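> Everything below, folded, please.
(2 chains)
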There are 2 protein chains.
Amino acid sequence: MITVALPKGALLKDSVTRFAAAGLDFSAITNPNNRQLMLPSACGKARALLVRNGDVPVYVAYGQAQLGVVGYDVLQEQQRSVAQLLDLGFGGCRMAVAVKENSPYRRAADLPAHCRVASKFTRCASEYFQKLDLPIDLIHLTGSVELGPLTGISEAIVDLVATGRTLKDNGLIAIEDLFFSTARLVAHPLSMRLDNGELQDLVDAIATKNPDNQ
Amino acid sequence: MITVALPKGALLKDSVTRFAAAGLDFSAITNPNNRQLMLPSACGKARALLVRNGDVPVYVAYGQAQLGVVGYDVLQEQQRSVAQLLDLGFGGCRMAVAVKENSPYRRAADLPAHCRVASKFTRCASEYFQKLDLPIDLIHLTGSVELGPLTGISEAIVDLVATGRTLKDNGLIAIEDLFFSTARLVAHPLSMRLDNGELQDLVDAIATKNPDNQ
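Residues are numbered from 1 along each chain as shown, chains lettered A, B, ... in the order given. Have a look, this model is predicted:
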């Protein structure tokens, strides 16, 4: 039986739509009354695990799920052994450096050496500033990173920006992008290697049957 | 001005009650329509930061908040430089090892060497099994850890148990406790050292004016 790890939150609805178009109906998972974290597809031939965005690569890397949907941002941060099969196109956002609107800094390279940068994505942030040859003091936060510059705990933040609304509401401005992120279909590499055709057929169907393009 | 880091979620209501009894009214923060993450007290003499449970010790360790309320579980996991001032008594739960109800293991020491254990609290879990001299393969998950044994990604989990309802719903059973956790009042050590009396008065008021004891 194929097991698919689906991410809770913003990417869930579009993920379910794409699997439905490919023949696997997991729509019960989006029912607001659903409390189950493990659900069979309507046809009974597959099942979905409903997990946190950041846990999707874990379940796929360990082979507990053969396929998963997760943001490119999480893949970049975790660097796990999963195969990226498809860019699903939805969930677009960018990983950006942001500062206070009234800050004198307008490029990441302008930030003072050893300044504090707060982020949920400390690996992405660390690699980015290393490439700029700018030593920084990273502060790992797990939520509401936009509070960083407001409280003065950090000069800048590295965070996901979708509409820019949260930044604006908090008097922040994005000054540089690290990368653009979208939802990706990922797979357990060994499961793909040992596949008798069933997994590949599903991946092909997800690739070709995109309701947004029809 | 005193800044207090308060945790979103289960500990928030009781935290606000205890500060209110000590003279600082942050009740606006519990208004369901509140979207602000930084709020002044009703008297205007202090302010609260509304942050994730795991971020409270960060804000306090960096001195951006002089005081904070956070679960002992988080303090054990993060081992940050904050001073534990008071056991506030509420938010009681235990950190426990749990397995499937039909598992043959009834003590943590029974688990097979190198078995997989999933947890959000990997430092606590790692230290615990090290003390037992039992090598394990830790899997870090960020949520819904109860899925671990159900999906087969892990033999056991280490997680917080309050009522036991989540374990029961998922066919799991707690077999051993690591420690008992309650909410703690923590402080930035240097702020306490440089305090002119204002902070200590507030801490004393929180210690003595407990609405539950009156």
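
> Was I right to think A:Thr3 contacts A:Gly68?
No: if you go by CB atoms under 8 Å, A:Thr3 and A:Gly68 don't touch, sitting 9.2 Å apart. Every residue, glycine included, has its C-beta placed from N, CA and C.

> Make sure A:Val69 is indeed in a helix.
No: counting by DSSP: H, G, I helix; E, B strand; the rest coil, A:Val69 falls outside a helix, being strand.

> Test my guess that it contacts A:Arg184.
Yes: using CB under 8 Å, A:Val69 is in contact with A:Arg184, at 7.2 Å.

> So for the two, which residue has more residues nearby?
A:Val69 (28 against 25; other CB atoms under 10 Å in any protein chain shown).

> Run through the residues that contact A:Arg80.
A:Arg80 makes contacts with A:Pro57, A:Val58, A:Val60, A:Ala61, as judged by CB atoms under 8 Å, 6 or more residues apart in numbering or on different chains.

> ok, now A:Thr166?
Taking CB under 8 Å, 6+ apart as the test, what A:Thr166 contacts is A:Glu146.

> Chain B versus A:Pro32, what's the distance?
From A:Pro32 across to chain B, the span is 17 Å (CB to the nearest CB, to the nearest Å).

> Kindly state the pLDDT recorded for that residue?
A:Pro32 is assigned 86 on the pLDDT scale.

> ok, it - how many residues close by?
4.

> Check the one 4 residues further on too.
Taking other CB under 10 Å as the criterion, the count of residues near A:Gln36 is 13.

> gap between it and B:Ser154?
Relative to B:Ser154, A:Gln36 is positioned 19 Å away (CB to CB, to the nearest Å).

> what's the answer for A:Leu6, then?
20 Å.

> got a list of what A:Val74 touches?
So, once contact is read as CB under 8 Å, 6+ apart, A:Val74 ends up touching A:Asn53, A:Gly54, A:Val56, A:Pro57.

> and the third one, how far is that from chain B?
Plainly put, A:Val56 is 10 Å away from chain B if you go by CB to the nearest CB.

> The helix or strand hosting that residue - contacts with which helices or strands?
Assigned by DSSP states H and E, A:Val56 belongs to helix A:56-61. Applying 3 or more CB pairs under 8 Å, 6 or more residues apart in numbering or on different chains; DSSP states H and E, one finds that helix A:56-61 contacts strand A:2-7, strand A:67-71, helix A:72-78, strand A:183-187.

> for it, what is the average pLDDT?
Across helix A:56-61, the average pLDDT comes to 98.

> Mind listing residues that contact it?
A:5-7, A:49, A:51, A:65-70, A:74-75, A:78, A:80-82, A:186-188, B:139-141, B:151, B:153.

> let's see 6 Å
Outside helix A:56-61, the residues within contact range by CB atoms under 6 Å, 6 or more residues apart in numbering or on different chains are A:Ala5, A:Pro7, A:Ala65, A:Gly68, A:Val70, A:Gln78, A:Arg80, A:Ser81, A:Val82, A:Val186, A:His188.

> which two from those residues end up farthest apart in space?
A:Pro7 and A:Ser81 (18.5 Å; CB to CB).

> returning to that earlier point: ranking the contacts of A:Arg80 by neighbours, who comes first?
A:Val60 (28 neighbours).

> separation between that residue and A:Leu199?
Counting by CB to CB, the gap from A:Val60 to A:Leu199 is 12 Å.

> A:Leu50 now?
For A:Leu50, the distance to A:Leu199 - CB to CB - is 20 Å.

> and if you look at A:Gln76?
For A:Gln76 relative to A:Leu199 (CB to CB), the value is 24 Å.

> now A:Leu132
For A:Leu132, the distance to A:Leu199 equals 40 Å [CB to CB].

> Tell me which of those two has more neighbours.
A:Leu199 (18 against 15).

> Could you tell me which residues make contact with the more buried one?
Here A:Leu199 is in contact with A:Gln66 (CB under 6 Å, 6+ apart).

> what's the spacing between the helix or strand it falls within and its chain's center?
Following DSSP H and E, one finds A:Leu199 within helix A:198-208. The chain centre lies 21 Å from the centre of helix A:198-208; the measure is CA atoms, centre = their mean, to the nearest Å.

> And that helix, what's buried?
Residues A:Leu199, A:Leu202, A:Val203, A:Ile206 are the ones in helix A:198-208 that count as buried (16 or more other CB atoms under 10 Å in any protein chain shown).

> how about that helix as PDB, C-alpha atoms only?
The C-alpha coordinates for helix A:198-208 follow below in PDB (Å, rounded to 0.1, in the frame of the first residue of the first chain):
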ATOM      1  CA  GLU A 198       2.800   1.600  -9.200                       C
ATOM      2  CA  LEU A 199       4.600   4.500  -7.700                       C
ATOM      3  CA  GLN A 200       5.900   5.800 -11.000                       C
ATOM      4  CA  ASP A 201       2.400   5.700 -12.500                       C
ATOM      5  CA  LEU A 202       1.100   7.800  -9.600                       C
ATOM      6  CA  VAL A 203       4.000  10.300 -10.000                       C
ATOM      7  CA  ASP A 204       3.400  10.500 -13.700                       C
ATOM      8  CA  ALA A 205      -0.400  11.100 -13.100                       C
ATOM      9  CA  ILE A 206       0.400  13.900 -10.600                       C
ATOM     10  CA  ALA A 207       2.800  15.400 -13.100                       C
ATOM     11  CA  THR A 208       0.400  15.400 -16.100                       C
END
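
> Leaving aside the residues adjacent along the chain, what's closest to the spatially most central residue of chain A?
Geometric centre of chain A, nearest residue: A:Gly71, 2.3 Å, by CA atoms, centre = their mean. Take A:Gly71 and drop its neighbours on the chain: the residue closest to it by CB to CB, 6 or more residues apart in numbering or on different chains is A:Ser181, 5.3 Å away.

> low-scoring stretches of chain A, by residue?
A:214 (pLDDT under 70).

> Could you list the contact residues of it toward chain B?
A:37, A:51-52, A:54-55, A:62, A:64, A:141-144, A:147, A:151, A:153 (CB under 6 Å from any CB of the partner chain).
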